[in-house]
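Undergrad: what follows is a predicted structure for the sequence shown.
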Amino acid sequence: MSSKTAELRNIPASWQSGELRSFLDLITYGFTNPMPDAEVGPWKITAKDVIDGRINYATARKTTAEAFIEKLTDKSRPKVGDVLLTKDGSIGRVAVVDCDGVCINQSVALLRPNRRINSHFLKYLLLSPHYQRVMEGDSDGSTIKHIYITRVDKMQVLVPPLLEQESIFQLVGSIDDRITLLRETNSTLEAIAQTLFRSWFVDFDPVHAKAVGLEPEGMDAATAALFPSSFEESEQGLVPAGWELQKVQDLMELSYGKALKATDRIDGPVPVYGSGGVTGSHNKSLVNGPSVIVGRKGTVGSLYWEDRPFFPIDTVFYVRTDKPLTYCYCLLKTLGLESMNTDGAVPGLNRNNVYRLPVVVATKSILESFDKIVFSLRKKMFSNNQLAQTLTQLRDTLLPRLISGQLRLPEATAATEKILSEAI
């Protein structure tokens, strides 16, 4: 890049520009033939397994070692440090390969950086808004998007020296790592709440313990005293003495959301929920949180907890109840709503079918005790979500300016430290 161009664009003269392929030793994509599944073996990575800048091994399947060796060429077997780019469906998602024994299918492109570019910097370059827009603009397909590697490799990119690349990805990567830690913490807290629900209200562990003269584990004496020490016969079999047999309709109402086309939304702070989660924002809420959103059309039975005011559209229900919402949410997660599609061609959840489901309901004091414990977990989760949102906004603000050279590292580092100190 000429010094004149750098001056006009306020880009340091030491930065290089050129087609992406000039910074790569290889660009290709994975296997097209089916590969067998296996319990143990190399990972099979598809586009759905690349998310949030990482490979999600929790969703990935495995294949046999024999198939990995005999059926695949090197282009389907990325090495540690190779960059993966999703090219079919949810295009433009990126991750760096972090372990051996990985193969990719045709929905994922493999980019092998040469010595002029750092793998992690390349990931963040491809994730930055400018290059995401370029790839989106070069994509084909109305229903299922597709990008061609022959277009990606001709994309004009701007690249700083290696030492500056490393500093950029370390700064942005440290923010990403904190976001990931907050999300993992919330997943753990969610699991703790659900485990407690199952112990108390499904397996009846405290009642079983007291029935044989033992103290229930993991609770103080006052809480343990709330539970009965015996069972009684019911239509649902043996249930804790004094607990009631009710139906879901006795506990909560699944209210319909309201239609709100994307073209009718006014940008604002209110999240708009569809059955797949947050689908945008609006300037007015339909519901003051907290509440629970239940997928009605599309992603049947999906569940989302929302602390803030929100707008549920007509593909979801939202919960109204005078019972502890923490209890209702955990209960809904145990009912198998995702398998209750009854509306034919378009997946749909009939709320009357949910209402008829039987529930063994504990006494009010036990529900309140459960709510006290779990609500404290949810407060921590809300705080973590807020911090993660702040960090995400920080990352998304810094990344395009760093990648384009408009913001220098000292200023970015200072801005990061300031926002982090204010957020905490």
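TA: Structure's in. What do you need? Just so we're clear, the structure is a prediction, and the values are computed from it rather than from any experiment. Numbers count the residues shown, from 1 in each chain.

Undergrad: the stretch 151-300 of the chain: strands as residue ranges?
TA: 156-159, 231-234, 237-240, 244-247, 253-256, 270-274, 277-282, 291-295 (DSSP state E, counting those that start in this stretch).

Undergrad: dump the fourth one to PDB, restricted to CA.
TA: These are the backbone C-alpha positions of strand 244-247, laid out as PDB (Å, rounded to 0.1, in the frame of the first residue of the first chain):
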ATOM      1  CA  GLU A 244     -51.500 -31.800  45.800                       C
ATOM      2  CA  LEU A 245     -52.100 -33.200  42.400                       C
ATOM      3  CA  GLN A 246     -52.800 -30.300  40.000                       C
ATOM      4  CA  LYS A 247     -52.500 -29.500  36.300                       C
END
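
Undergrad: for the protein, what's the longest helix?
TA: Criterion DSSP state H: the longest helix present in the chain is helix 364-404.

Undergrad: ok, what's across the strand from I55?
TA: Beta-bridge pairing for I55 (DSSP bridges): V50.

Undergrad: circling back: quick one: buried residues of the next helix or strand after the longest helix of the chain?
TA: Next in sequence after helix 364-404, counting helices and strands by DSSP states H and E, comes helix 409-423. Applying a neighbour-count criterion of 16 or more other C-beta atoms under 10 Å, one finds A412, T416, I419, L420 buried in helix 409-423. All C-beta spots, glycine's among them, are computed from the backbone N, C-alpha and C.

Undergrad: try stretch 182-201
TA: Quick answer for stretch 182-201 (16+ other C-beta under 10 Å): L182, N186, L189, E190, A193, L196, F197, S199, W200, F201.

Undergrad: distance to E306 for the residues you listed - can I get that in CSV?
TA: Output for the buried residues of stretch 182-201, formatted as CSV (distance: C-beta to C-beta, whole Å):
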residue, distance to E306
L182, 17
N186, 14
L189, 16
E190, 14
A193, 16
L196, 21
F197, 19
S199, 26
W200, 24
F201, 23
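
Undergrad: which of those has the weakest pLDDT?
TA: Among the buried residues of stretch 182-201, L182 has the lowest pLDDT, at 94.

Undergrad: what's around the closest residue to P160 other than its chain neighbours, how many residues?
TA: With C-beta to C-beta, 6 or more residues apart in numbering as the criterion, P160 has its nearest non-adjacent residue at 4.9 Å, and that residue is W15. W15 sits with 17 neighbouring residues when counted by other C-beta atoms under 10 Å.

Undergrad: next, W15: phi, psi?
TA: W15 adopts backbone torsions of phi -80, psi 150, taken as degrees, to the nearest 10.

Undergrad: mind checking how far it is from G277?
TA: W15 is 38 Å from G277, where distance means C-beta to C-beta, to the nearest Å.

Undergrad: and what of R265?
TA: 16 Å.

Undergrad: for those two, indicate the residue with more neighbours.
TA: The residue with more neighbours, out of R265 and G277, is R265; 18 against 14, by other C-beta under 10 Å.

Undergrad: that one and H282 touch, don't they?
TA: Yes: R265 lies in contact with H282 (C-beta atoms under 8 Å); the separation is 4.7 Å.

Undergrad: give me the common contacts of these two.
TA: With contacts defined as C-beta atoms under 8 Å, 6 or more residues apart in numbering, the residues shared by R265 and H282 are V272.

Undergrad: which non-adjacent residue is nearest G89?
TA: G89's closest residue in space is A47 (C-beta to C-beta, 6+ apart), at 5.2 Å.

Undergrad: which residues touch T363?
TA: For T363, the contact set (C-beta under 8 Å, 6+ apart) comprises L226, G242, W243.

Undergrad: right, I mislabeled it, should have said L182
TA: Per C-beta under 8 Å, 6+ apart, neighbours of L182: N384, N385, L387, A388, L391.

Undergrad: most neighbours among those residues, please name it.
TA: Counting neighbours by other C-beta under 10 Å, L391 comes out on top of the contacts of L182 with 21 neighbours.

Undergrad: and that residue, how far from V50?
TA: Taking C-beta to C-beta, one finds L391 at 21 Å from V50.

Undergrad: next one: A209
TA: 45 Å.

Undergrad: looks to me like F311 is in a strand.
TA: Yes: counting by DSSP: H, G, I helix; E, B strand; the rest coil, F311 is found in a strand.

Undergrad: just the pLDDT for the residue nearest to P160.
TA: pLDDT, read off for W15, is 91.
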